[in-house]
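1. Dropping a prediction and its sequence here:
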Amino acid sequence: MLNDSFRFTPHITLEFKIGEKDFFIAGESASRVKKTLQQLGMKQEIIKRTAIIIYEAAMNVAIHANHGTLKVYIDPEVISIITEDKGPGIPDIELAMKEGYSTASHEVREMGFGAGMGLPNIKQCSDELDIDTKVGVGTTLKAKICLNNKV
Amino acid sequence: MNLRDVKEILDAEVLCCEDLLDREVTTCFACDLISEMLLHVQSNTLLVTSLTNAHILHAAQVMDALAVVFVAGKRPDVNVIKKSEQSGLPLMTTKKLIFECCGLLYMNGIRGNLEEYD
């Protein structure tokens, strides 16, 4: 997917569009970013945390929103994962952050998701997490992973 | 133990990547929640699950799983099997249920990939 010159590029942006109920883009984007990070020679622990955040955040957009985007910025010191969606927003973030709380449909649960672990997982894997949401408008989630213990 | 031994122990049918059964297995993770798999599964672990949709392939890729065993006679559709073949992830199906599978694997020396969750 990437040529060798990419390896030496200090700033990389990857972008994915997520449609309503576009469940597969979540796993696909996580796999693709994982490959990129592997080619850049990132530590396995960083790759895993990044892939989990992407998988869960993109899945949240596919499950709950009308449509949205996932952007991943890879810089020498930080990986930023940002999802922006147009959708219902999150009425109570504190409640949504609780493990086990979920508003996902039966269909989503049958696929092995919607167990109320998405946001808690994202929080656990992030060094910084910021969620900006407006009911009836949409949600922007920004997660950061520090590569040198500083942002 | 390798995946060939796992096949024998679980009386499983191999669905793809028969040529990769020499892979060594020491740990296993069994569950039906993708989020839990993503968070807890460490590399080179055998995954035991009853989920058969295509997400399992993505999750297994993200986790660098060794192989996936579907329990209770479940089998994914042919496209999932094809994709798995292409990505080099062995899939098996067994008629045994999840507890039985875990018990048999444990008796034969396989351990959990995570002792406790704190």
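-> In hand now; what should we look at?
2. which residues does the closest residue to B:N53 other than its chain neighbours contact?
-> Excluding its sequence neighbours, the residue lying closest to B:N53 (Cβ to Cβ, 6 or more residues apart in numbering or on different chains) is A:M111, at 5.3 Å. (Glycine included, C-beta is placed from N, CA and C.) Listed by Cβ atoms under 8 Å, 6 or more residues apart in numbering or on different chains, the contact set of A:M111 reads A:F23, B:I34, B:L51, B:N53, B:H55.
3. now swap in A:G136 and tell me
-> A:G136 makes contact with A:P88, A:G89, according to Cβ under 8 Å, 6+ apart.
4. Quick check: the residue of chain A nearest chain B.
-> The minimum distance from chain A to chain B, using Cβ to the nearest Cβ, falls at A:G27 (2.5 Å).
5. Show me what the one helix or strand in chain B whose mean pLDDT sits lowest packs onto, helices and strands only.
-> Of the helices and strands making up chain B, the lowest-confidence element is helix B:34-40, at a mean of 87, by mean pLDDT, DSSP states H and E. Helix B:34-40 sits against helix A:44-64, helix A:118-125, helix B:55-63, with contacts defined as 3 or more Cβ pairs under 8 Å, 6 or more residues apart in numbering or on different chains; DSSP states H and E.
6. Output those helices in a markdown table; the columns should cover distance to B:V14 and mean pLDDT.
-> Output for the helices and strands packed on helix B:34-40, formatted as a markdown table (distance: least, Cβ to Cβ, whole Å; pLDDT from 0 to 100):
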| stretch | distance to B:V14 | mean pLDDT |
| --- | --- | --- |
| helix A:44-64 | 27 | 94 |
| helix A:118-125 | 32 | 94 |
| helix B:55-63 | 16 | 89 |
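7. TSV please, covering those helices and showing distance to A:P88 and mean neighbour count.
-> Below are the helices and strands packed on helix B:34-40 laid out as TSV (distance: least, Cβ to Cβ, whole Å; neighbours: other Cβ atoms under 10 Å in any protein chain shown):
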stretch	distance to A:P88	mean neighbour count
helix A:44-64	6	24
helix A:118-125	15	21
helix B:55-63	23	24
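8. tell me which residues in the lowest-mean-pLDDT helix or strand in chain A are buried?
-> Using mean pLDDT, DSSP H and E, helix A:106-110 stands out as the lowest-scoring helix or strand of chain A, at a mean of 88. Within helix A:106-110, the residues that count as buried by 16 or more other Cβ atoms under 10 Å in any protein chain shown are A:V108.
9. contacts for it?
-> With contacts defined as Cβ under 8 Å, 6+ apart, helix A:106-110 is touched by A:F23, A:I63, A:S102, A:G114, A:A115.
10. Contacting chain B as well, which ones from these?
-> A:F23, A:A115 (Cβ under 8 Å from any Cβ of the partner chain).
11. Buried only: go through the contacts of helix A:106-110 for me.
-> A:F23, A:I63, A:S102, A:G114, A:A115.
12. quick revisit: would you tell me what the next helix or strand after the least confident helix or strand of chain B is?
-> Following helix B:34-40 in sequence order, the next helix or strand is strand B:46-49 (DSSP states H and E).
13. That next one: partners in the sheet, and parallel or antiparallel?
-> Strand B:46-49 has its sheet partners listed here by DSSP bridges as strand B:27-30 (parallel), strand B:67-70 (parallel).
14. Distance from it to the middle of the chain?
-> Here the centre of strand B:46-49 is set off from its chain's centre by 3 Å, with Cα atoms, centre = their mean, to the nearest Å.
15. which residues sit against it?
-> Applying Cβ under 8 Å, 6+ apart, the external contacts of strand B:46-49 come out as A:112, B:3, B:6, B:25, B:27-32, B:37, B:41, B:56, B:60, B:63, B:65-71, B:98, B:101-102, B:105, B:110.
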